[in-house]
Every structure is written in structure tokens, then in C-alpha cells.
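> missing the sequence, but the structure's below:
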């Protein structure tokens, strides 16, 4: 079950956090996904590194499927979001929370991550409070460990 | 009674086509069905007459060229040219404007304008972003210059195909009568764009060297297919030059070229045919049937009579008047229905003894240059505007009115002057 392989010390942020503060937290804690929680610790949304990077990525990557021929992103490399964007609250850019319960099976957890294209997934208790977070590596290696155990 | 009924069906159909409440192809197809039904009921139009009204020469030419473009599109050839132009400019904004504008124009003189812009514009946005300049002047220049350049050749844009078919103009007629005028007009448009966008174009690129690291060869996904389709296209263009001497119709040449390319490339035919714009072809067929009904109801003949009788004005002025009326209409609505509706009127004027050769050219210039006037004036404009909406610098209608409208007015004014000076030649 997911509760056996998840990390229990989850870094989460309140809804009042700004985008700039969120960026600093990503760097300081070196994590991939930050759940956004209400005052009771229930997830109301989440934000991933991908959502943060989308603020800086150039428009052309949405228009051209294959960018192999672009060897230097030039001016885009040093582009930074404007200060007024960094001061926006996290609720303006966060995505809907996708969570799994503590007793969720490993394969179901992995399938959920695949379906929603997530690298980390928040885990909640029966009363909806955030209790942990699991990465694809956590889930997949825990699952493969079961294969080892079954070996004669 | 009959002319009134025919006119009513036509006007309601056109209203629906232009109102965008209904897709234009659906509106025209429904209108065509009603026109034939009513025609049979009142005895002015038949199925046979409706089929007679369809210009298969236009359809064949469009279909043949669409298939060639459909084969060329996935090869990455358009991207390749845009990347090559970007490198050649070394990231200099004005050079980018000239080079990308020229590439788009030359391609759209022979190939479908919309496909060209759809494939060149994303690379343009890419170049603008990596170099660190606003891509809007480049995008607008591509749309405006390709609209302008398309007027130069028979296959350059759909109104030309329609006019050539109705007037019996050859590919070379366009090169002799239209190309020189368009060349001057195109240069005027380019210089005006450079002036209108002088502020944006004087910004120093923050990272001009980035274009030098683009690799054109890597952007060409399928070199073999591109070479084959381009060879066939080259031979087809050669035949276009000779078509009146060889007594071959442009549609026969285009369809033969399409067949030859299909045999040589042997693509997954479903994929290729899916890229053909069937809705455009069906729109044309429906419009032909509608206008055929209008003609059969005697409306266009009456209109031509009316114009011919009131025509006390000098022929030059009449031509210029037609050019501007068509241009203004084309700026606000699609130029294809306007052209299809005006062709029988001009033919009627010819039957009334008026010299119509210069009028055909006025129609071609007006329909072509008028599209530059507004953001919805041509499909190329709509394409660059909607692509730019997905970037950080969207092209707005207000911006187009400030930068595109002056280009339309200037090109029409310059063409009017050239038209007046060359009138004796255009009448020959």
C-alpha cells in the first residue's frame, strides 16, 4: 500500500503564498510538487515544477512539435517572469488537487500518476488531511521490491 | 417574381456565409440546395444547369495544387526555408522582415497561401523569441506581403484561378499584366511596413547569435519526399508557362502533377487526402451553383444591363471604381464569393459591348489587395492573428487597423496609378 512507501514529512503551502515565495521554497526544499492546503491541512490545490516552468517557457514550444533543430534558445534562456507575475497568489496558477487515500494500492497509485501526468502524488487520510507524498520512483521501486520477495 | 426569388435565396445564403452564425461551407451548401429546389419549382433552374454552372477547371486546379501541398507539408520543407532565412538574416530585425516576407511571398505565389503562413509563422515566432525581438512585425509582414504577392500569378490565390478560368487568361497573361504591377506594389508594401514598424524594428536583438545555431538540415524531416514533390512542382510550373501554347488547361496540368507526385511518393493516401481542404472545394461548388441560379433567374443579366446603361463614365475610372469597391468589400468579407458573384456581371457587361479585359484585372487587384485591410480580411491574416494569440504579444484588431489598413490603402492607391498609366496595355 501507498502508506508504506510514501514520504511523511510533506512540504505544503497555504493559499496565501505568492508565486515568488513558492519558487524560493521549491529551491530550498528541492521538491517537485507542493500541495496547497487550507487551515485544516486539507489539499485545495497543488503546483508542480512544470507549472512554474510554464511561466518561463517560450511560446514556440507550443507551436512547433519538434525543436531538435534549435540548438540555442538564445534570449529565452535568460527570460524571467515579470515582478507582477511573481507577486500573484498561488491560487491564481495552481491546478486542482489530485490525491489518493493512504490505503491505495501501488499499481493504482502509479496508474493515477500516469493518467494525470504527475511525478509526485499527495496522499490523504480518511478525513481528507494531507499525510504524505509519493514520487513515481517511490511507488515503482516499492512495487518492484515485491517481485524480489517472490523470487525463489 | 423569378429574379426576386433567386435574389432572395442568394442574399440569405450570402448573409449566412458572412455572418459566421453558420459555417460558410454549410451555409453555401444549404443555399445551393434551396436554389436548385426553388429553380425547379419555378422553372428557371435545373440540376443539369446547376452542374453546368460548376467551373471544374477551377476545382481541378485547386485540388491538384492542394494535393501537392499536402505531400510537401509533412516534409518540413516550409520550416527549412524559414530557418534558412533566419540564419541568413543573422538575427537582424529588418533583414528578418525582408527575408521571411520574401520567402513567404515566393512560396505563396505558387502554393496555397494559408498553408504557407500556417507553417512559416510558428518558426517566425521561434526566431523572434530566441533572438529577443517582438515577432508581431514579422508575422504581419508575412501575411500582408503574401496576400499582395499572391496576386501576381494565376495559381497565387483563388480569385485569380476563378478570373483566369472565366476570362480565359493564361498563366503568362498574369506574368505579363499582373506581375509587374504587383512587383511595384509589393515593394511599396514592404517599405511602408518597414516605416510603420520602425519602432519595433529598431530594437537591438538581445541574442542575435542564437539564429546561427539553428540547423536547417535538421528541420527538414523528409528530404527525399521534399525533393520529389518539388521536382514535380517545378515541371508543373514549366508546363504552366507553356499551357496556352500546348493547349493544356491549368487544371489538367495540376491534376497530372498531383497524380505523378502521388505515384512517385506513394504516401499513406488517407493521410494525404485528409490534408486537402475539402470544405474549401465544397464551398466553391456551392457558390458556383448559387451564382448559376442567380444568373438563370436573370438577375445578373439585369444588373449588367443596368450598369451598362448607366456607364457614362470613362473606362479607366470605371475600372478603378471597381477595384476600390471590390477591395473594400474584400477587406470586410471573404473575397471568393465576391469574385464568383461579379464574374457573371462582368461577362454581362462584355456581352453589352463593353471592353472587359481591364475590368478582370481590376477585379483581381481589388480582391487581392483588399484582404490586407482588416484582421479578418484574408485567411492568412486570421492565421497569424490566432497563432499570435498563443504568444505573449497577440496581434489585435486595433493593431491591424493601424498597421495593415495603411498597407491596403497604399497598395490600392499605387495600383490605381499604375492601372491608369498602363490602361491601354491592360485593354489589349
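Cool, the structure landed. Just so it is clear, the structure is predicted and the values come from calculations on it, not from any experiment.
> Figure out the helix or strand that residue 118 lives in.
You didn't pick a chain, so chain A it is. In this assignment (DSSP states H and E), residue A:118 forms part of neither any helix nor any strand.
> hm, I was asking about chain B
helix B:113-131.
> Could you do residue A:133 as well?
Assigned by DSSP H and E, residue A:133 belongs to strand A:130-135.
> what do you get for residue B:78?
Under the criterion of DSSP H and E, residue B:78 resides in helix B:77-89.
> Quickly check: that helix near chain A or not.
Yes: legend: contact between helix B:77-89 and chain A by C-beta under 8 Å from any C-beta of the partner chain is shown at B:79, B:83. Quick note: C-beta positions are derived from backbone N, CA and C, even for glycine.
> which residue sits closest to the residue nearest the centre of chain A in space, ignoring its chain neighbours?
In chain A, the residue lying closest to the centroid (C-alpha atoms, centre = their mean) is residue A:33, at 2.7 Å. Leaving aside its sequence neighbours, residue A:33 sits nearest to residue A:120 (C-beta to C-beta, 6 or more residues apart in numbering or on different chains; 3.9 Å).
> Just give the number of residues close to the one you found.
By the criterion of other C-beta atoms under 10 Å in any protein chain shown, residue A:120 has 23 neighbours.
> and the residue nearest to the centre of chain A, what are its bridge partners?
Beta bridges link residue A:33 to residue A:48 when assigned by DSSP bridges.
> That one touches residue A:50, doesn't it?
No: contact criterion C-beta atoms under 8 Å: residue A:33 and residue A:50 do not qualify, at 9.0 Å.
> just for the stretch 301-428 of chain B, where's the confidence low?
Judged by pLDDT under 70, the stretch 301-428 of chain B has its weakly predicted residues at B:310-311.
> Where does chain B get nearest to chain A, residue-wise?
residue B:210 (2.5 Å; C-beta to the nearest C-beta).
> The helix or strand of chain B with the lowest mean pLDDT: what's the following helix or strand?
The helix or strand of chain B with the poorest confidence is helix B:299-310; it has a mean of 76 (mean pLDDT, DSSP states H and E). Heading C-terminal from helix B:299-310, the first helix or strand you meet, by DSSP H and E, is helix B:315-332.
> by contact count, what packs against the helix or strand that comes right after that following helix?
Using DSSP H and E, the helix or strand that follows helix B:315-332 in sequence is helix B:335-351. Secondary-structure packing of helix B:335-351 (3 or more C-beta pairs under 8 Å, 6 or more residues apart in numbering or on different chains; DSSP states H and E): helix B:2-19, helix B:158-167, helix B:278-296, helix B:299-310, helix B:315-332, helix B:357-370.
> Which positions in helix B:335-351 come out as buried?
Within helix B:335-351, the residues that count as buried by 16 or more other C-beta atoms under 10 Å in any protein chain shown are B:335-350.
> And for stretch B:353-369?
Buried, per 16+ other C-beta under 10 Å, within stretch B:353-369: B:354, B:356, B:358-369.
> How about stretch B:133-140?
Result for stretch B:133-140 [16+ other C-beta under 10 Å]: buried residues B:133-140.
> Show the average pLDDT along it.
Per-residue pLDDT values across stretch B:133-140 average out to 95.
> Which residues does that stretch contact?
Stretch B:133-140 is contacted from outside by B:93, B:96-97, B:100-101, B:121, B:124-125, B:127-129, B:193, B:197, B:200-201, B:203, B:205, B:384, B:387-388, B:391, B:393, B:395, B:399-400, B:403-404, using C-beta atoms under 8 Å, 6 or more residues apart in numbering or on different chains.
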